[in-house]
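Visitor: My questions are about this predicted structure, shown below with the sequence.
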Amino acid sequence: MSAEIWVFAEERGGTVKPTSWEVLGVGQRLAGELGKPLAAVIAGSDVGSAAGALAAKELSRVLALESPALDPYTPDAHTRAVREAIESESPDLILFSHTYRIRDFVPKLAAALDRPYVPDCVGVTVEDGQPVFVRQVFQGKIDARVAVRGEGPWLATLQNGAFPAEDVRAGAAAAPVERRAMDSGGAASRTTVLEVFEGVKDKVDLTRAEVIVAVGRGIGKQENLKIVQELADAFGAELAASRPVCDNEWLPMDRQIGSSGQTVSPRLYIAVGISGAIQHLVGMKGAATIVAINKDPNAPIFQVADYGIVGDLFEVVPALTALARAG
Amino acid sequence: MKIVVCIKHVPARDSRLRIAQSGEWIEERDLSWEINEPDTYALEEALRLREKHGGEVLAITAGPDRAAEALKRGLAMGADRAIHLAGDVFNAADANATARGLADALRGEAPDLVLAGVQSDDKGYAATGVMLAELLGMPHSTLIMEVEVLDGRVKVKREMESGWFEWLELPLPAVLTIQSGINQVRYSTLKGIMAAKKKDLRRVEAPAAGSAGTGPAGTGPAGTSPTALHGLAFPSRTSRAEIFDGDGKAAAGSLWERLRRDGKLR
């Protein structure tokens, strides 16, 4: 049998994570283009219901790696289980989502296996029977094409939200689910999970805001925030920020938009001095109208913006504030 | 305790980049450079741990000649000494090759704790620290928001997705990647900059590509990467944005008129 393509799926509370469907859609396409069978792999202490959901899709089988040692998650136990499966089944290509958990253990797995690792890809094509990946470098300003050398398995992660989850095709019949009891009696995980807890709920709810003025590192220093606050006031908008501004404690964390902050979809979003790293874009690209003000014409924010000004925000923002005040 | 901090020399975040003629890397001339911002949080955390527990902070980088500047800045911030694993090969290197170089350079150091930024601003693999842990045989954790060193162990708060966190405990020695925002990074002082000139900055030549080494099986020697950059390009995803030109006031005026005409103001 030709070596398989694997899609590593993640679940939460028995439900397959949306990012895993995005990856499965890409796996189905590549399986067709490369003429290889596709398997979904899932790991945990009890993954029966997620495995069942995966089996309804167009693929050749589902591998459920099960062990009590896989819950709670630790990188040691996950690496051991997935490595054991890879070494016994020898897949050619393994696709993952670029989630926090995957970033925590898959680089370790790649180093342990001594195999190529291509993270956070936004494109995959097949050239001469081999996958070629596209990934963003320099904070999304430039795309790089990446080819892999040597023998598989090759490990790659796909950027969250870069591929549509709706592309996944259902199967004609349920695929077989192979449940594997993984060795949990081996070396214990070196990490001890003491507590898993939900952080303090956001005090400021930006998700209900009609208009948001968001500020990024282009503002330079905290004293300069005044002009952006004035713009927000003139527009009757909530003031928000990208992560670096909150990291610097120029604005409180609960005003942060993005993957580690709030996800918003206001009627109007004005991004000031925000370059548009993917971590920010995922939190605001659902806005109905996006305005970007940035001095760098190559800033990724302009790829999602409807209107833009390439220029000095210290000239543009006060001028816009004056117009908004005048109505 | 001995704390190693991995730092990287990258173009300043607001740089306007050009792609080199070769299409394999950026044009490095006329760029200003800085310590990869996520790594500054790792360095700050190391300095704070040293202030609390005593010991030494060793900064290391893998990169071409220019990367020594990042170490000089790290020394000025307060690191005690530095190692520059020098080689042009690290521009094109992937995380695997960089981690192998760093692991070879660090094996003799026997650190208690290795800290790295959560990812780099240039290639953004978010992988080198984790790979380094595997190669050094150490446990690791990522996206760390709080570090507490206990007797022979470290207790850490890790950021998970969707506003969740976890407290973990790992035996030392261990590798941690530090989440940006964990602390307020200090500025280097003139005194620090002067003191840095007397500190030990050791240069170690990385094995050149093509030489014998301990590289990944079937993928060539150390320093050559199992993945190859096929060329850089500005994204073809064309902007659908309507761009307004002119000086700040004129552009703001055109934008305002357009927003009003398109019914975006209510």
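Guide: Nice, I can see it. Numbering: from 1, shown residues only, chains lettered A, B, ... in the order given.

Visitor: Please tell me the pLDDT value assigned to residue 166.
Guide: The chain I'm using is chain A. For residue A:166, the model assigns a pLDDT of 89.

Visitor: think we crossed wires, I meant chain B
Guide: For residue B:166, pLDDT reads 97.

Visitor: Near chain B, which residues of the stretch 151-300 of chain A are found?
Guide: Selection of the stretch 151-300 of chain A residues close to chain B by Cβ under 8 Å from any Cβ of the partner chain yields A:151, A:190-199, A:201-202, A:217-218, A:243-244, A:246-249, A:253, A:259-260, A:267-268, A:275, A:289, A:291-292, A:295-296, A:298, A:300. Any C-beta I mention is one placed from the backbone N, CA and C, and that applies to glycine too.

Visitor: Out of those residues, list just those in strands.
Guide: Counted as lying in strands by DSSP state E, out of those, are A:192, A:193, A:194, A:195, A:196, A:197, A:198, A:268, A:289, A:291, A:292.

Visitor: who's in contact with the residue lying closest to the second one once chain neighbours are set aside?
Guide: Counting by Cβ to Cβ, 6 or more residues apart in numbering or on different chains, the nearest residue to residue A:193 once its immediate chain neighbours are dropped is residue A:72, at 4.3 Å. With contact taken as Cβ atoms under 8 Å, 6 or more residues apart in numbering or on different chains, residue A:72 is in contact with A:193, A:196, B:166.

Visitor: from what I can see the first one touches residue A:74, true?
Guide: The one in question is residue A:193. Yes - in terms of Cβ atoms under 8 Å, residue A:193 counts as a neighbour of residue A:74; the distance is 6.7 Å.

Visitor: neighbour-wise, which of these two wins?
Guide: In terms of neighbours (other Cβ atoms under 10 Å in any protein chain shown), residue A:74 is the more surrounded of residue A:193 and residue A:74; the figures are 23 against 15.

Visitor: who's in contact with that one?
Guide: With Cβ under 8 Å, 6+ apart as the criterion, the residues that contact residue A:74 are A:189, A:190, A:191, A:193.

Visitor: which among those residues gets closest to chain B?
Guide: Within the contacts of residue A:74, distances to chain B taken as Cβ to the nearest Cβ reach their minimum at residue A:190, with 3.8 Å.

Visitor: Report the separation between the closest one and residue A:145.
Guide: The span separating residue A:190 from residue A:145 equals 37 Å under the rule Cβ to Cβ, to the nearest Å.

Visitor: if I pick the residue in the stretch 151-266 of chain B positioned nearest to chain A, what's in contact with it?
Guide: Residue nearest to chain A within the stretch 151-266 of chain B (Cβ to the nearest Cβ): residue B:248, separated by 2.5 Å. For residue B:248, the contacting residues are A:309, A:311, A:312, A:314, A:315, A:316, A:319, taking Cβ under 8 Å, 6+ apart as the criterion.

Visitor: ok, and of those residues, which contact chain B?
Guide: Here is what survives when those are matched to chain B using Cβ under 8 Å from any Cβ: A:309, A:311, A:312, A:314, A:315, A:316, A:319.

Visitor: Low-confidence regions, chain B specifically.
Guide: In the predicted model, chain B carries pLDDT under 70 at residues B:208-225, B:236-238.
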